[in-house]
Every structure is written in C-alpha cells, then in structure tokens.
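Participant: dropping the sequence and predicted coords here.
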Protein chains: 2
Amino acid sequence: MDDGATRERILDAARQVLADRGTAGARTQEIADTAGVNKALIHYYFRTKEALAEAVFQRELAALLQPVLRTLGSPLPLEEKVRTVVGLYLDKLSAFPQLPGYVLAEIHFHPERLDDFFAAAVGSLPEVAMAPVFEALRRQIDQASASGEIRPISPPQFMVNLISLCVFSFAARPLLTRVTGGETGFDALISERRDTLADFFLMGLRT
Amino acid sequence: MDDGATRERILDAARQVLADRGTAGARTQEIADTAGVNKALIHYYFRTKEALAEAVFQRELAALLQPVLRTLGSPLPLEEKVRTVVGLYLDKLSAFPQLPGYVLAEIHFHPERLDDFFAAAVGSLPEVAMAPVFEALRRQIDQASASGEIRPISPPQFMVNLISLCVFSFAARPLLTRVTGGETGFDALISERRDTLADFFLMGLRT
DNA sequence: GTCTATATTTCGATAGAC
DNA sequence: GTCTATCGAAATATAGAC
C-alpha cells in the first residue's frame, strides 16, 4: 500500500490492543486484524512483538511526560504551572483513559524499558534529564517559601503529589467506575476534579 | 504433605510471581518452582491459572482496601483518619512495594474480576458497599466545613485524593527509582512522604 | 496428595509465492 | 510490500502411577 502509512497503521492498532491487554496479553493476530493487515506484515516492520511493544511504549510514555516536563520547566509562575498541568492531564487522559493503566503496567512489568527510554527519547540519564525541571521548581519554591506564601517542599515531592492527583484516578478507573455507579459517575468525578484539583493542590502547599 | 498448608504455599508463591509478571506474563512452571511443588499440583488445587490468579487478586485487593475503608468509616476524627490511612498505606506498601503496580494492572486488564470481588468479598454492589464510608465522611466534612475549618469536598473526591497521594508513588516506583538516582533515592522519597503527606492533604482541605 | 509423562492448544515467527 | 501456509516452541492442562 504505502510509504510509512502501513507502519503507522500497525503502530496505531498496536497502541489500541496493547493498551487494553498489555504486552504479555496482546496477540499479534489481534493487532493485525485491528490494523487490517496480515500477521506477517507486523514481523516485516517490527522484528518481534516485543520490539513493537517497546516502540509503542516509548511513544506513549513520551507523550505522557513531555508536555508536563516542558510546563514545569518553563518560566511560568508556579500557580500557573499547576493549573496548566492539571488541565493538560485531565484533557489528555479523558480522551484516552486507558493510558495510565497501560503505561503504569508496562513500567511495572518491564522496568528495563525505562533505561532505553531515557537513553533514546531523552539522550541522558534520567536524573540528568530531570535536573533542569527540578532546578526551575527549586528556585520558585524557595522564593515563594521565603516570602511565606507556601511551606518548603522538595521539587520531587511537588511533582509526585501533582502527578499522583492527576493520574491515579484514571489508573483506577475500572474500580472507580463501579464505586461511582457507572461510566457517568466516573465522568462526573473527573469533571469535578477539573474544577477543584489545582486549588486543592495549591492550598496544600500553603503555610 | 498437608492440610491446607500446600494450598497456602501455592497462593504465596503465586502472589510473588503474579505481582512481578501479571496474569498473562506469569508461568505456572515458575509458580510451581517458587512454591516447591509440581505444576500438576497447581491444577489440582486451582483448576486453571486464571482461577488461581483471580484468587490471588481478590486477596490482595481486599488487603489493600479493607483497612482503609474500615478506618475511614470509623468514628475517629477526620484528621486522625487521614494520619492513620497515610501510615497504614506507607507501612504496608513499603513492605510490598510491587503491590500497587500489580493490583492496578490487574484492575486494568481484568476489570470483570472486580464484579466477582464485590459480590464475594463484600457481598453487595460496590456503590452499596461504599455507602456507609461515604456517609461517615459526609457527616464529618459537613460539620468541619460548616464551622469554617475546611472547604466542602465530596467524600469520593476526598478518598480519591488521599489514596492517590499514598499509592501512586509506589505504582510508579520503577520510574521514580531512576529519576531519584536508585533505590536509595526512592526510599528517601517515601520516607519524606511519611512525614509530610498528611499535612499536605489536610492543608489542601483548608479554606 | 503428589509426582512423571504426555497430550493439546495457542501463538510468535519464518518461508516463499506474488 | 503484502499475502498464504506452515513450522516450532512454549505453555496450559490432563492421564495415570505411586
């Protein structure tokens, strides 16, 4: 058929199937069917299922981390960073709610892929890659806490708290769906979070 | 060998292997080796790998939820509930840090198991099971917000925020381990959270 | 209850035609 | 580049002796 387009179709199909079943649970046959191509073609483009799964994982993890790291490392005021990150996450994840469950599962079951990820997508050790973001936050936090606006908090704790509050509810979606009485209940929960999360977080920093 | 003890040995071994590899990735051979028994015995006690995986999952999810639900539904003051839950989680998860990654993955890839879980372990619909906990929180939150201590917040948001802050960092442990420069860095992160999380959360509720 | 040996199925991967 | 057909390797599950 094409010129890179088939490869993309396979990647998209793989993303869908892998997000629902994980690397170990996914069947190349199902990926092929979803992509509308033959099984053999998958091995033509990606040598093994594992290689395909790794390619998809790198892509999705990058899509999940990059906007947030960019925002937190930017020159925006601290409060705006928080509001931006909350908005970014809730929008992105509402559009693809399986993403956290899938990415966390892959991180958990295939942690070695993280090493390739940082080497390839970032080009350095993870600690080094994070350094500028931590630096930017450190400066703003020091300043805001010196003036008594907030309590001191380490940049990693700041990030972990913020990301936890945004991402966890999606990772636990199947559970929350049931506890809140169905998909509608879950959507309502998320929509409420959209309005309250940033304030909750920012208040949590206060002195 | 025994009278229930072998069954327990298999369950323990399965827990270990399943937590590391998930249902789809786990091999009955590895579970048998870990338990020190033969593969066939696993099928003698649990008919299929799936049935074994489900038994383990029910167990671990219950262990994860019950203490927290009991605490939040108890007559303790709100602030003490929060401090107790933070302590419970960080202790339990420090002792078995793979637990959140495993449980969330199983919830994600096998959501139908949740229906059996609520039917069996709780004996009712999830919404019904949660009702008394939500009720207890609702009363305390109403009271505290009427007296101006805190802002109003719905019990589900309260719970999701609290659990997110406790659990997420463990689910993302392989990533955080790398970002914080190794296991030592991760342990330090968690130990810092032990001292700061409850205050952060309680401050977040403030008006 | 526990084992050894084996049947059976599923699935990733390859060969080879077009 | 894409397909059909097939191989070969796991891996689950069972039969049957002890």
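Facilitator: Now that the structure is in, tell me what you want to look at.
Participant: residue contacts, the residue nearest to the spatial centre of chain A?
Facilitator: For chain A, the residue nearest the mean C-alpha position is A:L64 (3.1 Å; Cα atoms, centre = their mean). Applying Cβ atoms under 8 Å, 6 or more residues apart in numbering or on different chains to A:L64 gives the contacts A:K92, A:L99, A:P100, A:V103. Every C-beta, even on glycine, is put in place using the N, C-alpha and C of the backbone.
Participant: correct me, but the third one touches A:F170?
Facilitator: Yes - contact between A:P100 and A:F170 holds when scored by Cβ atoms under 8 Å: they sit 4.3 Å apart.
Participant: what is the mean pLDDT for the longest helix anywhere in chain A?
Facilitator: Identified as the longest helix of chain A according to DSSP state H is helix A:49-73. Taken as a whole, helix A:49-73 carries a mean pLDDT of 97.
Participant: now swap in stretch A:11-19 and tell me
Facilitator: 98.
Participant: just to revisit the earlier point, what does the next helix or strand along the chain from the longest helix of chain A rub up against?
Facilitator: Later in the chain than helix A:49-73, the nearest helix or strand by DSSP states H and E is helix A:78-95. The contact list for helix A:78-95 (Cβ under 8 Å, 6+ apart) reads A:63-64, A:67-68, A:71-72, A:74, A:76, A:99-100, A:137, A:140-141, A:144, A:162-163, A:165-167, A:170, A:190, A:193-194, A:197-198, A:201-202.
Participant: likewise for stretch A:109-127?
Facilitator: Taking Cβ under 8 Å, 6+ apart as the rule, stretch A:109-127 contacts A:22-24, A:54, A:57-58, A:61-62, A:106-107, A:129, B:20-22, B:25, B:101, B:105, B:174-175, B:177-181.
Participant: starting at the chain centroid, how far to the helix or strand in which A:F170 is found?
Facilitator: Using DSSP H and E, the element containing A:F170 is helix A:155-171. Offset of helix A:155-171 from its chain centre (Cα atoms, centre = their mean, to the nearest Å): 11 Å.
Participant: the helix or strand following that helix vs chain B: in contact?
Facilitator: Using DSSP H and E, the helix or strand that follows helix A:155-171 in sequence is helix A:173-179. Yes - for helix A:173-179, a contact with chain B is found by Cβ under 8 Å from any Cβ of the partner chain, at A:R173, A:P174, A:L175, A:L176, A:T177, A:R178, A:V179.
Participant: please name the nearest non-neighbouring residue to the third one.
Facilitator: Nearest-residue entry for A:L175: B:I107, 5.6 Å, with adjacent residues in sequence omitted and distances by Cβ to Cβ, 6 or more residues apart in numbering or on different chains.
Participant: give me the pLDDT for the one you found.
Facilitator: Value listed for B:I107 in the pLDDT field: 98.
Participant: just A:S124 next, same as before
Facilitator: At A:S124, pLDDT is 87.
Participant: gap between the residue of chain A most remote from its centre and DNA strand D?
Facilitator: Distance from the centre of chain A peaks at A:S147, with 33.2 Å (Cα atoms, centre = their mean). Going from A:S147 to DNA strand D by Cβ to the nearest atom of the strand, to the nearest Å gives 59 Å.
Participant: same check, this time on A:D12
Facilitator: Shown here: A:D12 relative to DNA strand D, a distance of 14 Å by Cβ to the nearest atom of the strand.
Participant: so who does the spatially closest residue to that residue that is not a sequence neighbour touch?
Facilitator: Closest residue to A:D12 apart from its sequence neighbours, by Cβ to Cβ, 6+ apart: A:A35 at 7.3 Å. By Cβ under 8 Å, 6+ apart, A:A35 lies in contact with A:R9, A:I10, A:D12, A:A13, A:A14, A:I42.
Participant: if you set the cut-off to 7 Å instead, what comes out?
Facilitator: Neighbour list for A:A35: A:R9, A:I10, A:A13 [criterion: Cβ atoms under 7 Å, 6 or more residues apart in numbering or on different chains].
Participant: I'm done for today, thanks for sticking with me.
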